[in-house]
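Enquirer: Kindly generate the corresponding structure for this input.
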Amino acid sequence: MTSARKEQEKLGLMVGRGFTFIAFWQSLVFVMLILLTWANEVLDISALLFGTAERPPDITRGCVATAGLLIGAIITVGNTYIQQHRLVSGILTICSYCKKIRIECQMWQQIEEYINRRSPIEFSHGICPDCLAREKRNLEESDDA
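Expert: Model (predicted):
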């Protein structure tokens, strides 16, 4: 197995663990909210804390609140997973020397070609002031030599 492939698999494992870690804590919060809902139904926490009139436990109210929390949990955890997946899949590996983009394990493509295939952007080339100054110095040094 190539080192690039091993690196990709390692990144995938770390990302997978990150998704699992976040999903675990989000799910734990929703479990705590469900427990608090049922504790409120059984103990009538508002009557205990604020001295309001006691009300009898209502199984239907508890079930409806639990169903709402479960729907919220599914939407929240699912949306977080989708957003994280988009973020991670949006990361590009670019060669620090030639600026090619890795499109697959061992396949690289010029950045201009990569972007042209995926968007309507047109490229124009220029030279920034820092590179212009560096290239002028290089030309002057090569003429002096």
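
Enquirer: Please, where are all the strands along this protein?
Expert: 100-102, 108-110 (DSSP state E).

Enquirer: Take those and lay them out in JSON lines including distance to Leu87, mean neighbour count and mean pLDDT.
Expert: Glycine gets a C-beta too; all of them are placed from N, C-alpha and C. Below are the strands of the chain laid out as JSON lines (distance: least, CB to CB, whole Å; neighbours: other CB atoms under 10 Å; pLDDT from 0 to 100):
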{"stretch": "strand 100-102", "distance to Leu87": "17", "mean neighbour count": "16", "mean pLDDT": "87"}
{"stretch": "strand 108-110", "distance to Leu87": "22", "mean neighbour count": "14", "mean pLDDT": "90"}
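
Enquirer: and those as TSV, adding distance to Asn40?
Expert: Listed next are the strands of the chain as TSV, based on distance: least, CB to CB, whole Å:
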stretch	distance to Asn40
strand 100-102	53
strand 108-110	58
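
Enquirer: Those: which one's closest to Asp44?
Expert: Proximity to Asp44, assessed across those by CB to CB, is greatest for strand 100-102 (60.1 Å).

Enquirer: now for the closest one, which elements pack on it?
Expert: Helices and strands touching strand 100-102, by 3 or more CB pairs under 8 Å, 6 or more residues apart in numbering; DSSP states H and E, are strand 108-110, helix 111-118.

Enquirer: Could you export stretch 80-93 as PDB, CA atoms only?
Expert: Only the C-alpha atoms of stretch 80-93 are listed here, as PDB (Å, rounded to 0.1, in the frame of the first residue of the first chain):
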ATOM      1  CA  THR A  80     -24.300  18.200  11.500                       C
ATOM      2  CA  TYR A  81     -23.000  15.100   9.800                       C
ATOM      3  CA  ILE A  82     -23.900  16.400   6.300                       C
ATOM      4  CA  GLN A  83     -22.300  19.700   6.900                       C
ATOM      5  CA  GLN A  84     -19.100  18.100   8.300                       C
ATOM      6  CA  HIS A  85     -18.900  15.700   5.400                       C
ATOM      7  CA  ARG A  86     -19.200  18.700   2.900                       C
ATOM      8  CA  LEU A  87     -16.500  20.500   4.700                       C
ATOM      9  CA  VAL A  88     -14.100  17.600   4.700                       C
ATOM     10  CA  SER A  89     -14.800  16.500   1.200                       C
ATOM     11  CA  GLY A  90     -14.200  20.200   0.200                       C
ATOM     12  CA  ILE A  91     -10.600  20.000   1.300                       C
ATOM     13  CA  LEU A  92      -8.200  20.000  -1.700                       C
ATOM     14  CA  THR A  93      -4.700  18.700  -1.600                       C
END
